[in-house]
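Participant: Okay, predicted coordinates and the sequence, questions at the end:
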Amino acid sequence: MKLWILLGALNGFMAVGFGAFAAHGLKARATPTDLAAFNTGADYHMYHALALLAVGWLAAQAPSPLVTMAGWAFALGILLFSGSLYYLGLTGSRSLVLVTPMGGTAFLIGWLCLAIAAYRLA
């Protein structure tokens, strides 16, 4: 439980920082397309930071392997999805473009695991 709340809070902090960097530091250097990709990474980073907080809450209510799997899937998704979009926005390089859908898949797995874990509570 503590791990997921800590990771959620730290990732929320980072998402705000990356979003601010995009608005103030990257805007003048990146193409509009690359800036949009970076911002998408920051948006999904924040959504899944909040999801990690939900994992922490559910882990406190009813710890289970599914809740743990959801947490790790969200963390991996942030790294792969948001990380690859941050890289694209910073460098303009599309060398990690194939990593992005893997991160999206990790997000989907996390949401499915969280939903099943919550359903089993009832």
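Facilitator: Yep, it's here. Numbers count the residues shown, from 1 in each chain.
Participant: tell me the phi and psi of K27?
Facilitator: phi -50, psi -40 (degrees, to the nearest 10).
Participant: element containing L50?
Facilitator: helix 32-61 (DSSP states H and E).
Participant: Going by contacts, tell me the helices and strands next to whichever helix or strand comes after that helix.
Facilitator: Toward the C-terminus, helix 32-61 is succeeded by helix 65-77 as the next helix or strand (DSSP H and E). Judged by 3 or more CB pairs under 8 Å, 6 or more residues apart in numbering; DSSP states H and E, the packing partners of helix 65-77 are helix 2-21, helix 32-61, helix 100-121. Using the backbone N, CA and C atoms, a C-beta is placed for each residue, glycine as well.
Participant: Highest mean neighbour count out of those helices?
Facilitator: helix 32-61 (a mean of 19; mean count of other CB atoms under 10 Å).
Participant: And that helix, how far out from the chain middle?
Facilitator: 4 Å (CA atoms, centre = their mean, to the nearest Å).
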